[in-house]
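S.K.: Sequence and predicted structure, then a few things I'm wondering about:
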Amino acid sequence: MPYAYDALEPHLDAQTMEIHHTKHHQAYTNGLNDAWEDMSEENQDQGVIKILADLDQVKPEIRGKINFHGGGYVNHEMFWKSMAPGAGGKPDGNIAKSIDKSFGSFDKFKEEFSNKTATIQGSGWGWLVYNPKSKNVEYKAMENQDNPVIEQLVPLLGLDVWEHAYYLKYQNKRPDYIAAWWNVVDWQEINSRFSRAESFAKALFSSW
């Protein structure tokens, strides 16, 4: 965790952050480590992101475990680093231009992201992704712990809407949690990811 558990108060409370990090993220990490032992050395040498981008290379009996626990591990690693104390506001630089191009404006993007993520059925994530086919940023909802790389999309910004991410403070009010989360999004980090998105796609996806 790149900051203290209470650093994102009052938007994200310290108790939820600590439980989320030490219990839920840790469980995905442990599950990935267990499944990793059952993979070939060739697979292990590639790293988890490369594996998730091409799950067919993993033997069928552990594919589901790698996708779920590997996705949970990677998603949360990105999630913590996507936020920062005193962040929020509007993006600038190239990510802002790309959002304007795809969605019309930041406000329209924020509204679409918030509404679609709030209505994800069950557990999942809302994502801002870079699509190497269209060369544009897009919104993508993913179930459970699926990471966008399984659909050859580059993840830029993800919001966890599993209940464990917000229930202690926001109970069943998922839209309130989403509205609060915008106040801690670190757009400098997201802009940095966007600057690397094309090279990331070329290195990760065999078809690019």
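M.R.: Arrived safely, thanks for sending.

S.K.: Could you use CA atoms for every contact and neighbour count after this?
M.R.: Will do.

S.K.: so what are the domain limits for this structure?
M.R.: Taking automatic domain parsing as the reference, the chain has its domains at 14-81, 93-204.

S.K.: Compute the first-to-last residue distance for the first one.
M.R.: Between the start and the finish of domain 14-81 there is a gap of 16 Å, counting by Cα to Cα, to the nearest Å.

S.K.: Same question for stretch 21-30.
M.R.: End-to-end span of stretch 21-30 (Cα to Cα): 13 Å.

S.K.: Let's test this: name the helix or strand in this structure with the lowest mean pLDDT.
M.R.: When the helices and strands of the chain are scored by mean pLDDT, DSSP states H and E, helix 41-46 comes last with a mean of 83.

S.K.: So which bits of the helix or strand following that helix are buried?
M.R.: Where DSSP states H and E defines the elements, the next helix or strand beyond helix 41-46 is helix 48-52. Within helix 48-52, the residues that qualify as buried by neighbour count (16 or more other Cα atoms under 10 Å) are Val48, Lys50, Ile51, Leu52.

S.K.: Same list (those residues) but as a markdown table, adding distance to His76 and pLDDT.
M.R.: A markdown table is the format used below for the buried residues of helix 48-52 (distance: Cα to Cα, whole Å; pLDDT from 0 to 100):
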| residue | distance to His76 | pLDDT |
| --- | --- | --- |
| Val48 | 13 | 92 |
| Lys50 | 17 | 92 |
| Ile51 | 17 | 93 |
| Leu52 | 15 | 95 |
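
S.K.: Export the domains of the chain as TSV, with columns for distance to Ala4.
M.R.: What follows is those, written out as TSV (distance: least, Cα to Cα, whole Å):
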stretch	distance to Ala4
domain 14-81	8
domain 93-204	14
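
S.K.: Mean pLDDT lowest where, among the ones you listed?
M.R.: Between the domains of the chain, the one with the least mean pLDDT is domain 14-81; it has a mean of 93.
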